[in-house]
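# Can you look at this prediction? I've put the sequence above it.
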Amino acid sequence: MLGCQTQLSRLQTLCVAADIAELTPGSMFSVRVLVRSQHVRVLLKQFVGQPKNPAAGLTPELYDELLSHFQDTDHPLTPYLEAEEINSRMFCPQAKDLITFLHDVAAAVPVSAVLPPSVWDALKTVMQTRSFGSAGDRSFFRERAPILHGFLAWDMKRSDNSMSGDAKRLLQHLLDLARAAFVPAHLQEYRGLKRRMEKGSAVEAGTEIDLSTASEEKLFLCTGHYFPSLPQCRSLRRYAANYHSQRTGTTCSKQHYKHRRLTPGLFFVYCLDCQKCVGFVAMKDAESPRTLFEAIYVHWPEPPEVVVYDNSCHAMTYALNREPAWFKHVQWVIDATHFPGHTGCAYAFDIKRQPCLSRLNSQICEQRNSRLALVQKQCAFMGQLTFLPYIRYFAHSINTIRNLPWK
């Protein structure tokens, strides 16, 4: 852990004060997922599991329960729940592309992770014509939405190269859910906001800093944000999601580390193209999607096209809960090292499944951050006003000297 003395640290964040009428709403979990019930999601995950997995498959009783849940509502997913019996347990027919698609759309993640906005228009055209127009269309879907492409190819292959009616109905429903993910809800949908604000249940954002009068150096020393080519261009707003917990069920988890006397550490951001350090954030609290959200939203004039992060599944949810429209065209993926640990996550977040991204070095953060161990001991004795300029100089050295003499 690379941090400075906690008792000598007074980091502030860029957030304006607001009362309940000025809170900013985001989109709601319930309108951007295909299956709202955690219990049904667990049954679906078991249903699409591999027969060699002892925990996969459903007993006939549980399969009937799963089937009745969707049949009672005439759900568009019902036609894809036909089962085959293996060793007295019910499984989804072992078609790899179908299983992968069902696994992702039934996960506790936004449907837009599988159907990103970049393919909506093309998907609408394919649904109208019920076929791929050309080989170029296939390549487009394969590169932009590989999980969706696999399902389309599987469905058309079994239907004489024509999209089936069941697939069209399901995809239209998914498309509606994907669009809903980027539409902010009304404040009335957040229950108990006033009571929770009065109790102070949200994390305090810190003292407001006037962007118009503060110098860049003062902002850096007060906030711990250092992005020399991306100066702070906006303040954070107060969000209704800070005071409202949405029940999503069991999701991926990440271990947090805490030191008794040191600050939580640093959050470095690197460019995947040039492999350079773009900047860093000195964290006030343990690393979380909030750290990434604040760094991007405060410093980027326009949203980045791709974000590679070891906790992208939660980061996407965090962003949609607060600024859904601003993050609409961001593609969220998890690096190759950390994705195997996301056992319940959507395959759409796996960078190895993204043809246009798999060639990139997604381990640049781990590789460059390993050099920070060289200054860990001396930083442990510093205060905030010494620590931040020192790390700034070290980050500059990493960028300008490719082959550092230290090993």
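Cool, the structure landed. What you see is a predicted model; the values in this text were computed from it and never measured. Residues are numbered from 1 along each chain as shown.

# Quick one: neighbours of Q376, just the number.
Here the number of neighbours of Q376 (other Cβ atoms under 10 Å) works out to 13. C-beta: built from backbone N, CA, C; applies to glycine.

# ok, it to F394 distance?
Q376 sits at a distance of 11 Å from F394 (criterion: Cβ to Cβ, to the nearest Å).

# now for the helix or strand hosting R138, which elements pack on it?
Assigned by DSSP states H and E, R138 belongs to helix 135-144. Counting contacts by 3 or more Cβ pairs under 8 Å, 6 or more residues apart in numbering; DSSP states H and E, the secondary-structure elements packed against helix 135-144 are helix 120-129, helix 146-157.

# change it to 6 Å
Identification of packing neighbours for helix 135-144 by 3 or more Cβ pairs under 6 Å, 6 or more residues apart in numbering; DSSP states H and E yields no helix or strand.

# Number the residues from 418 up from this point.
New numbering, starting at 418: the last item is helix 552-561.

# which outside residues touch it?
By Cβ atoms under 6 Å, 6 or more residues apart in numbering, the residues outside helix 552-561 that reach it are 535-536, 539, 549, 566, 772-773.

# Looking at the residues you listed, point me to the pair that's furthest apart.
Greatest spacing in the contacts of helix 552-561, by Cβ to Cβ: F549 and C773 (18.6 Å).

# Now do the helices in the protein.
455-464, 477-488, 513-522, 537-546, 552-561, 563-574, 582-597, 610-616, 633-640, 706-716, 729-737, 781-786, 793-796, 801-817 (DSSP state H).

# Give the buried residues for the first one.
In this case it means helix 455-464. For helix 455-464, a neighbour-count test (16 or more other Cβ atoms under 10 Å) marks 457-464 as buried.

# thinking again about what came up before, from the contacts of helix 552-561, pick the one nearest A525.
Distances from the contacts of helix 552-561 to A525 were compared by Cβ to Cβ; the smallest belongs to V536, at 21.9 Å.

# For the chain, give me the ranges with low pLDDT.
Judged by pLDDT under 70, the chain has its weakly predicted residues at 418, 431-438, 552, 609, 611-629, 664-675, 818-824.

# re the thing from before, which single one of the contacts of helix 552-561 is nearest to L475?
The closest of the contacts of helix 552-561 to L475 turns out to be H566 (Cβ to Cβ; 28.0 Å).

# how close does the closest residue to L777 other than its chain neighbours get to I781?
In this structure, L777 finds its nearest non-sequential neighbour in L689, 4.9 Å apart by Cβ to Cβ, 6 or more residues apart in numbering. Taking Cβ to Cβ as the criterion, L689 is separated from I781 by 7 Å.

# More neighbours: those two, which one.
Set side by side, L689 and I781 give different neighbour counts by other Cβ under 10 Å, the larger being at I781 (19 against 16).

# any idea how far Y660 is from G758?
Counting by Cβ to Cβ, the gap between G758 and Y660 amounts to 31 Å.

# More neighbours: which of those two?
Counting neighbours by other Cβ under 10 Å for G758 and for Y660 shows that Y660 has the greater number, 21 against 12.

# these two touch, right, the more buried one and Y607?
No - with contacts counted by Cβ atoms under 6 Å, Y660 stays clear of Y607, the gap being 7.3 Å.

# ok, how many other residues are close to G641?
For G641, the number of neighbouring residues by other Cβ under 10 Å comes to 24.

# Which residue is the nearest non-sequential neighbour of it?
A699 (2.9 Å).

# re earlier: how near is the residue nearest to L777 to L484?
When distances are taken as Cβ to Cβ, L689 and L484 turn out to be 44 Å apart.

# go on, Q692?
Relative to L484, Q692 is positioned 50 Å away (Cβ to Cβ).

# neighbour-wise, which of these two wins?
For Q692 against L484, the residue with the higher neighbour count under other Cβ under 10 Å is L484, and the figures read 18 against 14.

# and that one, what is it in contact with?
With Cβ under 6 Å, 6+ apart as the criterion, the residues that contact L484 are L498.

# measure it to E501 for me?
Noted for L484: a distance of 14 Å to E501, by Cβ to Cβ.

# got it, and A524?
In this structure, A524 lies at 22 Å from E501, with Cβ to Cβ as the measure.

# okay, those two: which has more neighbours?
Taking neighbours as other Cβ under 10 Å, A524 and E501 compare with A524 leading, 25 against 11.

# pretty sure that one contacts A763?
Yes - using Cβ under 6 Å, A524 is in contact with A763, at 4.6 Å.
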